[in-house]
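K.L.:
Provided below are the primary sequence and the corresponding predicted coordinates.
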Amino acid sequence: MKKALFILGKRKLIWTVVMVVGVMFPLLAASYYIPAAGVAGDAAKMLTYTSEGEGFAFSYPQNWTLRTEKDYSGGEVLENVTFVSPDKKAHGSVQVIKISGSVPEYVLEFQKSMAQGYDSLHFRQEKTGSKQGYVLTYSRGRGEARQKAIEYFFQNGEKVYRFSFVYPETRQEQYSRLVGEMAESLAFEEMGDRSQETGDSSSGIDN
């Protein structure tokens, strides 16, 4: 009887090993041959942030961190949404700003308050997707630490939708396309006639 029990136990052990190998081997093989993006999800997939209060929306990479700040107390910034890449090398924001003048006037004042060390400032009127607006670019730093900033301004009456993006200049090829896609994805209620302003956008801005 003891011998029969031993044989039965041995058979169970063999079947257990066969089952484990049959299940684990395909999984192990998949871990070697399936691309990382297929296992962890597509890092390039875009999600959409929508603001109910200020009526705008934009797309951003799903693995980036977003933080929202809302201020309805009557200050200049009505809403501020910041986004940061997983490695914290790139970051930016979407702001809704209330101004009394035009975008060129606002940027001129902004230039005066900028910290020292910025260079290569360029300001121009430009159409982004179906939106007419303005683009401001500038850089700061040297070598590997040098950063590039690009800001889009779209005016709608007294409100301006400001999209900003900062990234290492050494990663221009990596981020330039993403910046354009995110800026183009920015959508909001129909802009007023003031968005068609054609003032002298280069005066006192380009360096």
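P.N.:
All right, it came through fine. Model, not experiment: these values are computed from the prediction. Numbering: from 1, shown residues only.
K.L.:
who's in contact with G75?
P.N.:
K98 (C-beta atoms under 8 Å, 6 or more residues apart in numbering). Yep, even glycine has a C-beta here, placed from its N, CA and C like the rest.
K.L.:
helix, strand or coil for it?
P.N.:
For G75, the assignment made with DSSP: H, G, I helix; E, B strand; the rest coil gives coil.
K.L.:
now swap in the one 4 residues further on and tell me
P.N.:
Secondary structure for E79, judged by three-state DSSP, is strand.
K.L.:
my guess is it contacts K70. True?
P.N.:
Yes - when contacts are counted by C-beta atoms under 8 Å, E79 is listed as touching K70 (5.0 Å).
K.L.:
hey, where'd the strands end up in the chain?
P.N.:
Using DSSP state E, the strands of the chain run over 46-51, 56-61, 65-70, 77-84, 91-98, 118-128, 131-140, 147-156, 159-168, 187-188.
K.L.:
could I get the ones you listed as CSV with mean neighbour count?
P.N.:
Formatted as CSV, these follow (neighbours: other C-beta atoms under 10 Å):
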stretch, mean neighbour count
strand 46-51, 13
strand 56-61, 19
strand 65-70, 12
strand 77-84, 17
strand 91-98, 20
strand 118-128, 15
strand 131-140, 19
strand 147-156, 22
strand 159-168, 22
strand 187-188, 17
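K.L.:
could I get the ones you listed as CSV with mean pLDDT?
P.N.:
Listed next are the strands of the chain as CSV, based on pLDDT from 0 to 100:
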stretch, mean pLDDT
strand 46-51, 95
strand 56-61, 96
strand 65-70, 89
strand 77-84, 94
strand 91-98, 95
strand 118-128, 91
strand 131-140, 94
strand 147-156, 95
strand 159-168, 96
strand 187-188, 92
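K.L.:
would TSV of the ones you listed with distance to V107 be doable?
P.N.:
Shown next, in TSV, are the strands of the chain (distance: least, C-beta to C-beta, whole Å):
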stretch	distance to V107
strand 46-51	23
strand 56-61	20
strand 65-70	22
strand 77-84	16
strand 91-98	11
strand 118-128	6
strand 131-140	6
strand 147-156	7
strand 159-168	10
strand 187-188	19
